[in-house]
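> Give me coordinates for this.
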Amino acid sequence: MKVESIVEMATRYIEELIITGKLKPGQQIKEEDIASKLGISRPPAREALKCLEGEGLVVRKPRKGAFVIEMTESDIREVYTLKAELYAMAVYNGIDTITEEQINLLQSLVEQMKKIANTQKSSVLKYQKAHRAFHLKIMEIAGNQRLLKFASNLHKQISRFSFQTLSNEEHLHVSNRYHQQIIDMIIKKDRENASKVMKEHILNAMHFLLSKPNIIAALGSNIQNKIMIKTD
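A predicted model of the protein is given here:
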């Protein structure tokens, strides 16, 4: 098992703060605050912010520091539509070479998502983790490393929005049903419909988000205050 480095740990920590909305768009992230909270030196915190900048979650402003990136409704539409095309391409290209073992892994991830969704206090972060693993595996099977890297960055840019939409119980179950449909089409080696359902799944998530202007408003505000990290 790969041991997580200090930089990876700091990156995951900051990313989770962004995804869960504890860090808002436009909010400043200070290296010293991250370092102090995690009990590490500033260089790993600095490297973590560079990693997140490369993934489109953080933006650096000259002589000001690092800030959570802000997204407009137009940005959201752009990212979701690109993501839909890339995810559909991945399942279309990977379906001919997928093995029985890989299908079983994908099915187990769908079962994990279903179990999480059906628990009384479902964990959105746990659901997102299984959800992410499902799509990553499909992209790995497709064998296109550029597609994998580009789609992964797009996914991370909108993870904070999907965290909020998946907190809606109805939408969570809709998401789970889409994944079951996708694996059913993969098992049948029906690349056309697998690709079609995959694209529909991503666009459905986009339309649900756009129907909730309160989420976009909450995650799109321009907050200029310093990072305040709670210890709870």
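
> What helix or strand is Ser108 located in?
Using DSSP states H and E, Ser108 falls within helix 100-118.

> What mean pLDDT does that helix get?
Per-residue pLDDT values across helix 100-118 average out to 95.

> Just the CA coordinates for it, please, in PDB.
Extracted C-alpha coordinates of helix 100-118, given in PDB (Å, rounded to 0.1, in the frame of the first residue of the first chain):
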ATOM      1  CA  GLU A 100     -14.700  -9.900 -16.100                       C
ATOM      2  CA  GLU A 101     -12.600  -8.900 -13.100                       C
ATOM      3  CA  GLN A 102     -12.900  -5.200 -14.000                       C
ATOM      4  CA  ILE A 103     -16.700  -5.500 -14.500                       C
ATOM      5  CA  ASN A 104     -16.900  -7.100 -11.000                       C
ATOM      6  CA  LEU A 105     -14.900  -4.200  -9.500                       C
ATOM      7  CA  LEU A 106     -17.200  -1.700 -11.100                       C
ATOM      8  CA  GLN A 107     -20.300  -3.600  -9.900                       C
ATOM      9  CA  SER A 108     -18.900  -3.700  -6.400                       C
ATOM     10  CA  LEU A 109     -18.400   0.100  -6.500                       C
ATOM     11  CA  VAL A 110     -22.000   0.600  -7.600                       C
ATOM     12  CA  GLU A 111     -23.100  -1.700  -4.700                       C
ATOM     13  CA  GLN A 112     -21.000   0.500  -2.300                       C
ATOM     14  CA  MET A 113     -22.700   3.600  -3.600                       C
ATOM     15  CA  LYS A 114     -26.100   2.000  -3.200                       C
ATOM     16  CA  LYS A 115     -25.300   0.900   0.400                       C
ATOM     17  CA  ILE A 116     -24.100   4.400   1.300                       C
ATOM     18  CA  ALA A 117     -27.200   6.000  -0.400                       C
ATOM     19  CA  ASN A 118     -29.600   3.800   1.500                       C
END
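
> residues touching Val174, list them.
The contact partners of Val174, taken as CB atoms under 8 Å, 6 or more residues apart in numbering, are Asn204, Phe208. For every residue, glycine as well, the C-beta is placed using N, CA and C.

> Which helix or strand contains it?
Taking DSSP H and E as the criterion, the element that holds Val174 is helix 169-187.

> if you count residues, which helix in this protein comes out on top?
The helix spanning the most residues in the chain, taking DSSP state H as the definition, is helix 73-94.

> now the angle from the helix holding Val174 to helix 100-118?
Counting by axes from the mean of the first three to the mean of the last three CA atoms, to 10 degrees, helix 169-187 points 170 degrees away from the direction of helix 100-118.

> can you pull the buried residues of helix 169-187?
Using 16 or more other CB atoms under 10 Å as the test for burial, helix 169-187 gives His171, Leu172, Val174, Ser175, Asn176, Tyr178, His179, Gln181, Ile182, Ile183, Met185, Ile186.
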